[in-house]
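Peer 1: could you work out the structure for the sequence below:
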Amino acid sequence: MGKKLKNAGLIGLGVVAGVAVSLQFSAMAQKQADPGLPLEELKQLADVYGLIKSDYVESVDDKKLLTEAISGMVASLDPHSAYLDKKAYAELREGSQGKFVGLGIEIAQSDEGYIKIVAPIEDSPAYRAGIKPGDMITRLDTTSLKGLSLDESVKKMRGEPGTKVELTIMRKDEPQPLQFTLNREEIHQKSVKAKMVSPGYAWLRISQFQEPTVDDLAAKITELYRQDPNLKGLVLDLRNDPGGVLQGAIGVAAAFLPKDTPIVSTNGQLPDSKQIFYGRAEYYSLRADGDPLAKLPEAVKHVPMAVLVNTGSASASEIVAGALQDYKRATIIGSQTFGKGSVQTIRQLTADTAVKLTTARYYTPHGRSIQAKGISPDLAVDENEDGDGMNSLRMREADLAKHLTNDREQEASKGQRDELEEQMRILAAEKKRKPLEYGSGDDFQLKQALNHLQGMPVQMAKAESKLVRLDPPAKK
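Peer 2: Residues are numbered from 1 along each chain as shown. Alright, predicted model coming up:
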């Protein structure tokens, strides 16, 4: 059987790197180390260090050698634990705050080995220059991007504010490459989008859970109800949302559930990792001036809801989907989610470095562990009318080497692997398909979610080969 192909967009968004950190920027150990240290193994480590210093073909810097040893030790634990050097630590903090210095583009790896533009971020240098979804970046300044990983490409796009970078872009239907010269600047990325998609029905998308997400969500919901105080249905879109800040997930779920409802629980070795998180401001508010959800219309607690998920929905997204599913507050629609049910905590080592360490598993309100299993949709609906596209080829948590096991349920069967011929067929079909804009008129899954909310037939996943008609959720 052929191996599942890695979806570059998913990995580039940070799922494999590990998101859903609890942002406890704390000092080192919270627990006393075991006094029975393995002296023999520590002696071997010292011996190997000495051998490298004395016998290696060229001199090796002490700091580099020890840093790599620390990095390898942490990385050996699971796919989401990592040593963060100065640059990685700064980038993580920037990402959680919803801002970074760069060009303002969401990117993915293309089949040709270049970098594909998924979407420019509104009011960014790329957006103002006229860069479009589907554009292919072939060069940055004089450097070809062919074969470079997403991480390497992102590093080259980042830089100091005000510095210039020249992009060479291939655009469909343009005979010659296009040249764009952009100035890097601080990008403030809004993680929440919303709009009315049909009379009485709204679409609310969260692309990543960041520190400002709960405040942004409250503002968008307020605006939706200003447009239509008698909202009949709401679609919460968590597709390709890789997770992010735990407090953001708690706040988003709390917006739609009764106050003080348990949202998620965690369990690990440390006492502070054995917690239940409730829908109260103390658990989700990251500001000192009150509750960002306090002034939301009461109707948002009862409006009929559907939640869209796919294989790219991970971690914090799964916390929200799991809570709303457990309380039967919303119908989950789409594909099986990624299955990342662990929390990473940041333990600061120095002023500029830290360790991102897996400290707990998390569980839905009814005690389900999502780790290496994911959320199963109530209604399985393909991404497109003719199939599930790249979702069938994407890696999930259970596919990752050294993944943390599910301690409460059997891990989801990965099923029969797609043969290479089938993989190539899917890739060829997706290459011809124009990039999907979530929330647009061409969004097939959104159409099915609206059908469900309106009590109309829903086209199920192609494998199901049937239409179902369900009564719309009752307005409570």
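
Peer 1: what helix or strand does Lys434 sit in?
Peer 2: Lys434 is part of no helix or strand, with elements assigned from DSSP states H and E.

Peer 1: low-scoring pLDDT stretches of this structure, where are they?
Peer 2: Applying pLDDT under 70 to the chain picks out residues 1-35, 412-432, 435, 463-476.

Peer 1: pull the longest helix from it.
Peer 2: Longest helix in the chain, counting residues (DSSP state H): helix 39-55.

Peer 1: what sits up against that one?
Peer 2: Helix 39-55 is contacted by residues 60, 62, 65-66, 69 when judged by C-beta atoms under 8 Å, 6 or more residues apart in numbering. No exception for glycine: its C-beta is placed from N, CA and C like everyone else's.

Peer 1: including neighbour count, could the residues you listed go into a markdown table?
Peer 2: Formatted as a markdown table, the contacts of helix 39-55 follow (neighbours: other C-beta atoms under 10 Å):
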| residue | neighbour count |
| --- | --- |
| Val60 | 13 |
| Asp62 | 10 |
| Leu65 | 14 |
| Leu66 | 11 |
| Ala69 | 14 |
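
Peer 1: what's the closest non-adjacent residue to Leu92?
Peer 2: Leu84 (6.2 Å; C-beta to C-beta, 6 or more residues apart in numbering).

Peer 1: count the neighbours of the residue lying closest to Asp291 once chain neighbours are set aside for me.
Peer 2: Ranked by C-beta to C-beta, 6+ apart and with sequence neighbours excluded, the top spatial neighbour of Asp291 is Ala281, at 3.8 Å. For Ala281, the neighbour count with other C-beta atoms under 10 Å is 18.

Peer 1: and if you look at Phe444?
Peer 2: Phe444, neighbours per other C-beta under 10 Å, totals 16.

Peer 1: now Lys99
Peer 2: 16.

Peer 1: and Met136, by the same measure?
Peer 2: Other residues close to Met136 by other C-beta under 10 Å number 18.

Peer 1: is it in contact with Tyr114, as I believe?
Peer 2: Yes: here Met136 reaches Tyr114: they are 4.9 Å apart, a contact under C-beta atoms under 8 Å.

Peer 1: intersection of neighbour lists for those two?
Peer 2: Contacts common to Met136 and Tyr114, judged by C-beta under 8 Å, 6+ apart, are Met170.

Peer 1: tell me what the residue nearest to Leu92 is bridged to.
Peer 2: Ala354 (DSSP bridges).

Peer 1: before we move on, back to that, in the longest helix of the chain, what counts as buried?
Peer 2: The neighbour-count check on helix 39-55 (16 or more other C-beta atoms under 10 Å) flags nothing as buried.

Peer 1: extract the CA atoms of that helix and return them as PDB.
Peer 2: What follows is helix 39-55, C-alpha atoms only, in PDB (Å, rounded to 0.1, in the frame of the first residue of the first chain):
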ATOM      1  CA  LEU A  39      24.500   7.300  36.100                       C
ATOM      2  CA  GLU A  40      25.700   4.800  33.600                       C
ATOM      3  CA  GLU A  41      23.800   6.400  30.700                       C
ATOM      4  CA  LEU A  42      24.900   9.900  31.800                       C
ATOM      5  CA  LYS A  43      28.500   8.600  31.800                       C
ATOM      6  CA  GLN A  44      28.000   7.400  28.200                       C
ATOM      7  CA  LEU A  45      26.600  10.800  27.200                       C
ATOM      8  CA  ALA A  46      29.700  12.400  28.600                       C
ATOM      9  CA  ASP A  47      32.000   9.900  26.900                       C
ATOM     10  CA  VAL A  48      30.300  10.500  23.500                       C
ATOM     11  CA  TYR A  49      30.600  14.200  24.000                       C
ATOM     12  CA  GLY A  50      34.300  13.800  24.700                       C
ATOM     13  CA  LEU A  51      34.800  11.600  21.700                       C
ATOM     14  CA  ILE A  52      33.100  14.200  19.400                       C
ATOM     15  CA  LYS A  53      35.300  16.900  20.800                       C
ATOM     16  CA  SER A  54      38.500  14.900  20.400                       C
ATOM     17  CA  ASP A  55      38.000  12.700  17.400                       C
END
